[in-house]
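Trainee: one predicted model, sequence on top.
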Amino acid sequence: MGKVSITLNGSEVKNIYPTVTIGVSAAASGDDVIIFILPSALPAFVKGYMEKMNETAKNLPDLIEMMEGLQMLGARFLVCELGFGVHGLKEEDLIEGLEVVGATTFVAEASGSDLCFSF
């Protein structure tokens with residue numbers, strides 16, 4: 001069992017789907033998965049956003065089901081605290097299951113990762 005760390009740096013289909021797909025694959029293989037949501041990706045985690053993305057992302061797997069699978073498999077979603085000020089959001093605007101942290105926490109948590117990705 002290894003550790004996979006992913007930084008997510010955008011809220012578009014081209015950022016979200018690879019992150020979730022790699023995350024699900026790693027978690028299903030028994031790896032610990034940490035996803036760090038940078039400020040530019042934060043809007044994707046506002047309640048209702050992923051449902052809209054599902055409607056526009058034709059021929060791709062259901063994003064909500066994949067996210068639920070990731071959470072059930074123990075993946076951690078760490079949100080960069082700087083994103084709230086950038087986007088004028090509050091923690092209660094976001095979906096459940098996210099941890100708000102500083103970048104130093106992610107760096108410490110990602111230490112010793114076997115694989116690192118950025119999307």
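Mentor: Alright, I've got the coordinates.
Trainee: need the contact list for the residue nearest to the spatial centre of the chain.
Mentor: Nearest residue to the geometric centre of the chain (CA atoms, centre = their mean): residue 35, 4.7 Å. By CB atoms under 8 Å, 6 or more residues apart in numbering, the residues touching residue 35 are 5, 6, 7, 8, 19, 23, 70, 75, 76, 77, 78. For the C-beta atoms, the positions are set from N, CA and C on the backbone; glycine is no exception.
Trainee: mind redoing it with 6 Å?
Mentor: 6, 8, 23, 77 (CB atoms under 6 Å, 6 or more residues apart in numbering).
Trainee: redo those as JSON lines? Include distance to residue 103, neighbour count and secondary structure.
Mentor: Output for the contacts of residue 35, formatted as JSON lines (distance: CB to CB, whole Å; neighbours: other CB atoms under 10 Å; DSSP: H, G, I helix; E, B strand; the rest coil):
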{"residue": "6", "distance to residue 103": "14", "neighbour count": "25", "secondary structure": "strand"}
{"residue": "8", "distance to residue 103": "13", "neighbour count": "27", "secondary structure": "strand"}
{"residue": "23", "distance to residue 103": "19", "neighbour count": "25", "secondary structure": "helix"}
{"residue": "77", "distance to residue 103": "15", "neighbour count": "23", "secondary structure": "strand"}
